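**Q** Build the 3D model from these lines:
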Amino acid sequence: MAGSDNTLATVTQETTGQHPAVRSAADIRKDFPILSRQVHGKPLVYLDSTASSQKPYSVIEAMSAYYETINANVHRGVYEISEEATAKMEKARVKVARFINARQSKQIIFTRNTTESINLVAYSWGNTNISAGDVIVLTEMEHHSNLVPWQLLAQRTGARLEFVPVTDEGLLRLDIYEQLLRQQPKLVAFAHMSNVLGTINPVQQMVAQAHEAGAVVLVDAAQSVPHMPVDVQALDADFLCFSSHKMLGPTGIGVLYGKRELLEAMPPFMGGGDMIRTVGLRQSTWNDLPWKFEAGTPSIAEAIGLGAAIDYLNKLGMANVRQHEQEITVYAMEQLQAVPGLTIYGPDASRRGGVVSFTLGDIHPHDLASILDQEVGVAIRAGHHCAQPVMERFGLAATARASFYVYTVPEDIDVLVQGLHKALQIFNL
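**A** This next block holds a predicted model:
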């Protein structure tokens, strides 16, 4: 596959009718300026998109255009550039709503990131609805951002946390999940896709089962919304959270989607400007959705950048993005499994997204990541990936992790494999 024309990638720049026109990943790479740079005298091979994706020119230019032409605060000014900035930001909110098929843009709350979105729900909905003795069901594969807020909520309220175990193959024990649901939990929260194992969980099924048990459901979609079609109405999740920086957009802005009746009933998360309707010395009233949850000056340029990222992804076609990542992941796993002493964690490629966590013999993942960076210019992640419980489940302190996106080509995988063989030579393995 190496040296091919990279026709794996079925992504698009323009649309013809209902069907996007195919572009190769090699062509798509030209849209990402950082991919033309070198590190340690070698071309950058970026394989850490699960942590944060790279940005195309269109996103960078959209944010620059805001600062250069309409830099003003939103919602408050009656002068032209303020009104233009407000319109741009609120148009981005509409783009987000359409991207995940929310019924209304007022169901889209802008936050700083997935972590803040989950904390917002834990404090605002959780403090109001969770009491001593209530059960909260989570899973062993959660990112810390979908563990710690619920731990804090349980400490505040006296609620009890229960966990769905993970199999040796990296799949959830859905039989245990069904048993836990018989305890009638108030809340169920889980990741759509694991950032460590790559496992794609059966969200629609799990949400339906939780609702039958009377639970409210939060889905951590940080790893799914950037990489596959996600329809919140089809999934029927009560809350769904994700981040801009993992989907070609800027850092500093995330999204909380919620069902309107839940959001309407929830008290504000933070107090201050823009989330109020009236303010007196001793009492205030709150703004309408979504602004009730957006205190202070928002991330205006970042919202505009997120809107531009969604435009880019829409032109690619999310079904095509998913297909490309599946094919790259199959190729990556085939090549990695041929490396002596390498162990891959998680399910087979048919049940995972574009992420592969692995260990190589006795080489510490941090040493491995340093060698790959210095010797062949490959950027991978090493560590516990903010998911220490799943590391403990597999008896690991850390793994190396390679992750892929629309700009990943087979040659990137080939350079990674070359670097792994170099590491084996360095350690005489």
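
**Q** Low-confidence stretches in the stretch 1-150 of the chain?
**A** Along the stretch 1-150 of the chain, the parts satisfying pLDDT under 70 run over 1-22.

**Q** Show me the strands in it, by range?
**A** 11-16, 19-23, 38-39, 42-43, 45-46, 108-111, 135-139 (DSSP state E, counting those that start in this stretch).

**Q** Partner strands of the third one, with direction?
**A** Right, the one you point to is strand 38-39. Paired neighbours of strand 38-39 in the sheet (DSSP bridges): strand 42-43 (antiparallel).

**Q** Can you give the distance of the strand it pairs with from its chain's centre?
**A** Its chain's C-alpha centre and that of strand 42-43 lie 28 Å apart, by Cα atoms, centre = their mean, to the nearest Å.

**Q** again with stretch 311-323
**A** Worked out by Cα atoms, centre = their mean, stretch 311-323 lies 16 Å from the chain centre.

**Q** now do the same end-to-end measure for it.
**A** 19 Å (Cα to Cα, to the nearest Å).

**Q** start the count at 37, not 1, going forward
**A** In the new numbering, first residue 37, that becomes stretch 347-359.

**Q** list the buried ones in that stretch?
**A** Asp347, Tyr348, Leu349, Lys351, Leu352, Gly353, Met354, Asn356, Val357, Arg358, Gln359 (16 or more other Cβ atoms under 10 Å). (C-beta placed from N, C-alpha, C; glycine too.)

**Q** and of those residues, the nearest to Ile416?
**A** Proximity of the buried residues of stretch 347-359 to Ile416 (Cβ to Cβ) peaks at Val357, which lies at 20.9 Å.

**Q** so the closest one touches Val266, yeah?
**A** No: at 11.4 Å, Val357 does not count as touching Val266 under the criterion of Cβ atoms under 8 Å.

**Q** Which parts of the stretch 237-386 of the chain are strands?
**A** Using DSSP E, counting those that start in this stretch, strands in the stretch 237-386 of the chain cover 252-256, 275-279, 290-294, 312-315, 320-322, 378-381.

**Q** Looking at the ones you listed, which is nearest to Leu156?
**A** Judging the strands of the stretch 237-386 of the chain by Cβ to Cβ, what sits closest to Leu156 is strand 290-294, at 5.8 Å.

**Q** Only alpha carbons, please: show the closest one as CSV.
**A** C-alpha atoms of strand 290-294 as CSV (Å, rounded to 0.1, in the frame of the first residue of the first chain):
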residue,chain,number,x,y,z
GLY,A,290,-16.4,22.8,23.3
VAL,A,291,-20.1,21.9,23.0
LEU,A,292,-22.8,20.6,25.3
TYR,A,293,-25.9,19.4,23.6
GLY,A,294,-28.9,18.8,25.8
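
**Q** neighbouring contacts of it?
**A** 132, 136, 138, 143-153, 156-157, 268, 273-280, 302, 329 (Cβ atoms under 8 Å, 6 or more residues apart in numbering).

**Q** Check stretch 298-311 too.
**A** 111-112, 143, 145, 155-156, 159-161, 164, 252, 274-275, 294, 320, 322-323, 325-334.

**Q** Please apply the same query to stretch 421-428.
**A** 176-181, 183, 202, 230-233, 393, 420, 433-435, 437.

**Q** mind redoing it with 6 Å?
**A** Glu176, Met177, His179, His180, Asn231, Val232, His420 (Cβ atoms under 6 Å, 6 or more residues apart in numbering).

**Q** Repeat that for stretch 328-335.
**A** Contacts for stretch 328-335 (Cβ under 6 Å, 6+ apart): 109, 145-146, 288-289, 304-309, 311, 322.
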